[in-house]
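Engineer: return a 3D structure for these sequence lines:
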Amino acid sequence: MTRASPATPLSAFSAKVPVLGTESSTILMQLVAGDQSIEEVQNLVGCQPAVVAKLISLANSAWSNPVSAVTTIDVACARLGLDVVKTVSIALLVGKPFDVSLCPSFDRTWFWASSILTADIAATLAPNFDSDPESSRTAGLLHNIGLLWLADILPNETNEALAQRLSESDKSLDQALSERCGVGYRQAGGHLFKVWRLPNVLVAGIGVQPENATREEKSAHRVIEASRTLAASIYTGGEDTDIPAPEIPQSIVDAVVEQQLHRLPKTLELAKALPS
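Structural biologist: As a prediction, this is how the structure comes out:
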C-alpha cells in the first residue's frame, strides 16, 4: 500500500470510515449517552448475538470463576457487573468493523488493556475535573480507537510506526504515526467519531478539541490526558506516576495506582477476550 503523505488531509480517509450498521450504531449511541442500569444494558445488547455470546463466555471463564455454568444473558450480566458488561459491549460494537491482521506489530492485549485502564482511571478521577464519570469512562475506553482504524486502513505504515515507537523512546506513538501515516491516532479517532456522529465530549476526550470547546469538553480532554498518562505508567509497572494535574491530590493518585496495579492481572485477562 502506498504510504500516506505527511500532508494527507483527514478528508482523504473519509471513504475508508467503516459503517457500524444501523442497529449497532443505535445501540452504541445509547450505551455512550449516559447512565443505564444493568437491566437496561442487558436489554440493549440482547439482540446482538456476538455480544451475548461473548458475555456468557466471559461469565463462564476463569476470569469470572463461577460456581456453576452460566447459560443466560441475565445471569451473565449479573455475574460480570455493569462496568464490565458496558466495557465489553462497547468494545465489541466498536471493534467489530476493523481488521488488523495485516499489522503484526499491533498488540491486541496492550491496546485493550490500556483502554480499560484509562477508562477505569478516568471514571475515578472525573469528579476532580468536574466531569461526568460515565462519559469519562467511555472516552477513556475509546481514547485510542484511531490506532485501531489506522492499523486497518494503513497496516504497513502503522506497523512501521509501532516498531519505530519501540526503538525511539523519545518519540510518541502519535508522532510516529503522523510521520508514517500522515495523521496521528488522535486526529484519526476524532475524525472517526465525527463521521459516526458520536457526542463531542467523546471527540474532545480522545484529544481533539475545537477552538470553541465547551467547559464539559475541556474537562473531558483533561481527565483523559491525566488518565492515559497514569494508565501507561501502571501498564509498565507503576514506577512513574507523576501527572500534570495539580487539582488531583497525590494521595488520590497513589490510591488509584495501587488499586489498578492490584487489578492488572484481571484487566489483562479481560483485554484478551476483546476483538481484533
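Engineer: contacts, neighbours, all on C-alpha from now
Structural biologist: Noted.
Engineer: number of residues surrounding residue 253?
Structural biologist: Counted with other Cα atoms under 10 Å, residues neighbouring residue 253 total 18.
Engineer: per-residue pLDDT of it, please?
Structural biologist: Note for residue 253: predicted pLDDT of 86.
Engineer: one more: the one 10 residues further on?
Structural biologist: Listed pLDDT for residue 263 reads 92.
Engineer: show me the shaky parts of the stretch 151-276 of the chain.
Structural biologist: 168-169, 208-211, 238-246, 276 (pLDDT under 70).
Engineer: can you show me the helices along it?
Structural biologist: Secondary structure of the stretch 151-276 of the chain, counting by DSSP state H, counting those that start in this stretch: helices at 155-167, 173-181, 185-196, 200-205, 215-235, 250-272.
Engineer: nearest to residue 147, out of these?
Structural biologist: Across these, residue 147 has its closest neighbour in helix 185-196 (4.9 Å, Cα to Cα).
Engineer: off-centre distance for that closest one?
Structural biologist: Relative to its parent chain, helix 185-196 has a centroid offset of 13 Å by Cα atoms, centre = their mean, to the nearest Å.
Engineer: what about the residue of the chain most remote from its centre? Give its phi and psi, please.
Structural biologist: The C-alpha centroid of the chain is most remote from residue 68, which lies 31.4 Å away (Cα atoms, centre = their mean). Per-residue torsions, residue 68: phi -130, psi 160 (degrees, to the nearest 10).
Engineer: can you check the one 3 residues further on too?
Structural biologist: Torsion angles at residue 71 (phi, psi; degrees, to the nearest 10) stand at phi -120, psi 0.
Engineer: what sits closest to it if chain neighbours are left out?
Structural biologist: Of all residues not flanking residue 71 in the chain, residue 56 sits nearest, at 6.6 Å (Cα to Cα, 6 or more residues apart in numbering).
Engineer: check whether residue 132 really touches residue 125, as I assumed.
Structural biologist: No: counting by Cα atoms under 8 Å, residue 125 is not a contact partner of residue 132; they are 9.7 Å apart.
Engineer: can you tell me the element the residue nearest to residue 71 falls in?
Structural biologist: Here residue 56, judged by DSSP states H and E, is contained in helix 49-59.
Engineer: quick one: buried residues of that helix?
Structural biologist: 51, 52, 53, 54, 55, 56, 57, 58, 59 (16 or more other Cα atoms under 10 Å).
Engineer: before we move on, the earlier item: between residue 132 and residue 125, tell me which one has more neighbours.
Structural biologist: Per other Cα under 10 Å, whichever of residue 132 and residue 125 has more neighbours is residue 125, with 24 against 18.
Engineer: ok, now how distant is the more buried one from residue 140?
Structural biologist: Per Cα to Cα, to the nearest Å, residue 125 is found 11 Å from residue 140.
Engineer: any shared contact partners between these two?
Structural biologist: The contact sets of residue 125 and residue 140 overlap at residue 227 (Cα atoms under 8 Å, 6 or more residues apart in numbering).
Engineer: circling back: mind checking how far the residue farthest from the centre of the chain is from residue 270?
Structural biologist: From residue 68 to residue 270 the distance is 20 Å (Cα to Cα).
Engineer: so after the helix holding residue 56, what's the next helix or strand?
Structural biologist: helix 73-80.
Engineer: helices and strands around that following helix, which ones?
Structural biologist: Counting contacts by 3 or more Cα pairs under 8 Å, 6 or more residues apart in numbering; DSSP states H and E, helix 73-80 packs against helix 38-45, helix 49-59.
Engineer: now it: buried residues?
Structural biologist: If you call a residue buried by 16+ other Cα under 10 Å, then helix 73-80 has these buried ones: 73, 74, 76, 77, 79, 80.
Engineer: now the following helix or strand past it against helix 38-45, angle please.
Structural biologist: Next along the chain after helix 73-80, taking DSSP H and E as the criterion, comes helix 82-95. Relative orientation of helix 82-95 versus helix 38-45 (axes from the mean of the first three to the mean of the last three Cα atoms, to 10 degrees): 20 degrees.
Engineer: so what touches whatever helix or strand comes next after helix 82-95?
Structural biologist: Counting by DSSP H and E, the next helix or strand C-terminal to helix 82-95 is helix 108-125. For helix 108-125, the external contacting residues (Cα under 8 Å, 6+ apart) are 87, 132-144, 223-224, 227-228, 230-232, 235, 248, 256, 260, 267-268, 270-272, 274-276.
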